[in-house]
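Novice: only geometry, no sequence info:
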């Protein structure tokens, strides 16, 4: 069964304190991995697509990396506005429905 | 930047009533999806729609659910006879059509069944 697992479930950091979020997956025939940000009461907002092991993408304070079994979202010197739930998702063959992880709820304290 | 829009933002309905959730996907996108998220749980797939027909549906998407693209811009999800357990956030998403392009989501409709 295709599964996506994220850890930790929640993470509280001080402003400027860097850390990483993990997304591990068991999917046959990986066709990429997506990272989304979700604010309370909002829909997932697309951040990154990673296609192959070794690939990295960056956007402001965020950097996403991919290996054959997991992906990391590194956050460097975070600010309070980076507080959100971060979701990873993998597309499944065919119509490419997304299978989501349960998310990491990130809180950055000023 | 183009975005997916959903209406209403909040819908309150009595159990057993029909409800229609509406979405306007991004205009040049070809694949359309509905997902739901029960409070505190994962975002889960309901149905995908391409070329005016359902391409895939989950076990959740039973005979009480239907989707339609009545014109060139709207995409709707109908629940015929709502149950308490249908209470959730419902998200519409669309994808351009190229392989592995990301899906873009609307801000959802919060459906509350009383």
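Specialist: Yep, it's here. Since this is a predicted model, take the numbers as computed values, not measurements. Numbering: from 1, shown residues only, chains lettered A, B, ... in the order given.
Novice: what about residue B:80, distance to chain A?
Specialist: Separation of residue B:80 from chain A (C-beta to the nearest C-beta, to the nearest Å): 23 Å. Backbone N, C-alpha and C define where each C-beta goes, glycine included.
Novice: can you list the residues of chain A near chain B?
Specialist: Taking C-beta under 8 Å from any C-beta of the partner chain as the contact definition, chain A meets chain B at A:31-32, A:34, A:36, A:41-46, A:49, A:51, A:87, A:89, A:91, A:94-103.
Novice: I'd like to know which of these are buried.
Specialist: Burial by neighbour count, judged by 16 or more other C-beta atoms under 10 Å in any protein chain shown, picks out A:32, A:34, A:36, A:42-46, A:49, A:87, A:89, A:91, A:95-103 from those.
Novice: so what does residue B:85 look like in phi/psi?
Specialist: phi -70, psi 0 (degrees, to the nearest 10).
Novice: give me every residue that touches it.
Specialist: residue B:113 (C-beta atoms under 8 Å, 6 or more residues apart in numbering or on different chains).
Novice: and it, what pLDDT?
Specialist: At residue B:85, the model reports a pLDDT of 96.
Novice: strands along chain A, start to end?
Specialist: Here chain A has its strands, by DSSP state E, at A:3-7, A:10-14, A:19-26, A:33-38, A:45-50, A:56-59, A:62-66, A:70-75, A:84-91, A:98-100, A:104-109.
Novice: residue B:96 is nearest to which of these?
Specialist: strand A:45-50 (11.8 Å; C-beta to C-beta).
Novice: okay, the angle between that closest one and strand A:19-26?
Specialist: 70 degrees (axes from the mean of the first three to the mean of the last three C-alpha atoms, to 10 degrees).
Novice: pairing partners for strand A:45-50, with directions?
Specialist: As defined by DSSP bridges, the strand partners of strand A:45-50 come to strand A:33-38 (antiparallel).
Novice: average pLDDT for the partner strand?
Specialist: Rounded mean pLDDT across strand A:33-38 is 97.
Novice: from the chain's centre, how far out does it sit?
Specialist: Strand A:33-38 sits 5 Å away from the centroid of its parent chain (C-alpha atoms, centre = their mean, to the nearest Å).
Novice: how big is the angle separating that strand from strand A:84-91?
Specialist: If you take the same axes, to 10 degrees, strand A:33-38 sits at 150 degrees to strand A:84-91.
Novice: give me the angle between strand A:33-38 and strand A:104-109.
Specialist: Using the same axes, to 10 degrees: strand A:33-38 against strand A:104-109 is 50 degrees.
Novice: what lies in contact with strand A:33-38?
Specialist: By C-beta under 8 Å, 6+ apart, the residues outside strand A:33-38 that reach it are A:23, A:25, A:44-50, A:64, A:66, A:71, A:73, A:84-91, A:98, A:103, B:102-103, B:105.
Novice: rerun at 7 Å
Specialist: Residues outside strand A:33-38 that contact it (C-beta atoms under 7 Å, 6 or more residues apart in numbering or on different chains) are A:25, A:44-50, A:64, A:66, A:71, A:73, A:84-90, A:98, A:103, B:102.
Novice: alright, I will stop here.
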